[in-house]
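model this:
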Amino acid sequence: MTPALPADRRRLEGVAFLAAFAACIPAANWLVGHAGTACPPNGPCLIPVAPGIMAPSGVVMVGLALVLRDLVQRRLGVAWSAAAILAGGALSAFISPPALALASTAAFLISEFADLGVYTPLQKRGLILAALASGAVGVVVDSIAFLWLAFGSLDFLAGQTLGKFWMILLALPFLAWLRARDRRLGLEPA
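Down below sits the predicted model:
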């Protein structure tokens, strides 16, 4: 069996990151309704994100989606990344509970395009810096947009922001490994 060419490997990994990105959307919706340390009636399931701070459990998937979107762009290019955001927005509208569909879809689209806008110019300076900065912007934008559109309040901003940002921080070792492996294999970003 011959090893994959760098372009073939980049495309294959890009498709895998794209599939994982798409999976984050239904996973976030499922978690909010089914998994958490507390699941109050008629409310989202919650998880602790810091001492005394709770957030809906879906925040972990939203934070992960921001990192995966960066990886889709790194492997497949900005056009694929933009198309993935639009498809993700449509998927979010389709599977979100009716009461939250507009807020969920709008927050997803706004935050992912904000992430793309920050990541794109910074990626030339380094994967870790770009993912961290774009993720931080995406986390804040997503949290503000969702909370304001869904509830007209920013009362849970700290929990939303922290929960998503933890996932970005947890992804940094993988991103460092990926960057080193890409250099070793001669894989250039798309």
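
confidence score at the residue nearest in space to the middle of the chain?
In the chain, the centroid-proximal residue (C-alpha atoms, centre = their mean) is residue 65; its distance is 1.9 Å. The confidence metric pLDDT takes the value 91 at residue 65.

Residue 120 too?
pLDDT, residue 120: 91.

Now it. Nearest residue, chain neighbours left out?
Spatial nearest neighbour of residue 120, chain neighbours left out: residue 78 (6.1 Å); criterion: C-beta to C-beta, 6 or more residues apart in numbering. Quick note: C-beta positions are derived from backbone N, CA and C, even for glycine.

The one you found: neighbour count?
Using other C-beta atoms under 10 Å, residue 78 has 14 other residues around it.

chain center to stretch 166-179: distance?
Remark: stretch 166-179 is offset 13 Å from the chain centroid, using C-alpha atoms, centre = their mean, to the nearest Å.

For the protein, which segments count as strands?
46-50, 53-56 (DSSP state E).

Need the winner for burial among those.
Stretch with highest mean neighbour count among the strands of the chain: strand 53-56 (a mean of 21; mean count of other C-beta atoms under 10 Å).

next one: that strand to chain centre, how far?
Relative to its chain's centre, strand 53-56 lies at 18 Å (C-alpha atoms, centre = their mean).

That strand: partners in the sheet, and parallel or antiparallel?
Here strand 53-56 is paired, per DSSP bridges, with strand 46-50 (antiparallel).

what's in contact with the partner strand?
36-40, 54-57, 59-60, 158-159, 162-163, 166 (C-beta atoms under 8 Å, 6 or more residues apart in numbering).

Where neighbours are concerned, which of the residues you listed has the most?
With neighbours defined as other C-beta under 10 Å, the most crowded of these is residue 59; it has 30 neighbours.

For beta bridges, what are the partners of residue 55?
Beta-bridge partners recorded for residue 55 (DSSP bridges): residue 47.
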